[in-house]
Structures are given as structure tokens and as C-alpha cells.
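K.L.:
Sequence first, predicted model second:
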Amino acid sequence: MTHSFALHIPDADLEPEPLDPERIVSGHPEVTGRVVWESSDGRRVRGIWQITPGVVTDTEADELLAVISGSATIEVADGPTLRVGPGDMAVLRAGDRTTWTVHETLRKAYEITL
């Protein structure tokens, strides 16, 4: 999008996103998302992301996120364990190896710097 805009995050339509089966630790989590803005060089991305319950691993980019609904525990290897739910903000650092235990379908707004 090239213009200013407003979007009601809880009702935003999301598209299925592939989840590498090797990242799934347990359960049958499904991911959906929507990019709402991307910088011209592709290094900054803002969007909405959702995951259903289960446990997955990830290697993070620099990310600022705000949880809209649901809950999860994010274990950062060699770092803290973050418990997030509606209204919580979290910052993840590039290279963080994480394990996400999603307790209730989690929807977040995010900005990632690649």
C-alpha cells in the first residue's frame, strides 16, 4: 500500500502461509498472514500473522510485535521465556532461535526488519 490507511486487525482477512513441517514440534499448527506494507528495498515488512495451537521453532528477524488475540509462550534459546497475550508487545532479535508454544490461536501485528 502506498497511502496511509487504517485496518481493523481482528477482522482482517488473512491468506494461508506455508509452514515448513520440520519446524513443527507438536500439534498441527496452521499459519495465515497478510503483508500490509513493505519498504521499497524489501528490508522492512509490516503485517498481520496468525497461528493456531501447537509448538513450532523459528529463527527470528528483528521484530516488534503486538498480540491482538490468543496466547503463546516464546522460549528464546539462551535467553528469556516470554509469555504473551492480548495487549502485549514483544521484541525479538535477529538470529534468536525460538520455540513458540501456542496455547490459543494467536494473532499479532508486526514489523520485521530483514
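P.N.:
It's in. Numbering: from 1, shown residues only.
K.L.:
Can you name the residues bridging to the most centrally placed residue in the chain?
P.N.:
Among the residues of the chain, the one closest to the centroid is Trp49, at 5.0 Å (C-alpha atoms, centre = their mean). Note on Trp49: beta-bridge partners Gly33, Lys108, judged by DSSP bridges.
K.L.:
Which residues outside stretch 69-77 are in contact with it?
P.N.:
For stretch 69-77, contacts defined as C-beta atoms under 8 Å, 6 or more residues apart in numbering pick out 10, 50-51, 81-86, 90, 92, 96-107. C-beta here means a position set from N, CA and C on the backbone, and glycine is covered the same way.
K.L.:
mind running it again at 10 Å?
P.N.:
Stretch 69-77 has contacts (C-beta atoms under 10 Å, 6 or more residues apart in numbering) with 9-10, 50-53, 55-60, 65, 80-88, 90, 92-93, 95-108.
K.L.:
In PyMOL, how would I select just the buried ones from these?
P.N.:
To isolate the buried members of the contacts of stretch 69-77 in PyMOL, using 16 or more other C-beta atoms under 10 Å:
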select buried, resi 50+51+53+55+56+60+65+82+84+90+92+96+98+99+100+101+102+105+106+107+108
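K.L.:
So which of the contacts of stretch 69-77 belong to strands?
P.N.:
50-51, 55-59, 65, 81-84, 90, 92, 97-108 (DSSP state E).
K.L.:
So, low pLDDT: which residues of the chain?
P.N.:
1-2 (pLDDT under 70).
K.L.:
how near is the residue sitting furthest away from the middle of the chain to Val36?
P.N.:
Distance to the chain centre peaks in the chain at His3, reaching 23.8 Å (criterion: C-alpha atoms, centre = their mean). Distance of His3 to Val36, computed by C-beta to C-beta, to the nearest Å: 12 Å.
K.L.:
No further queries at this time; thank you.
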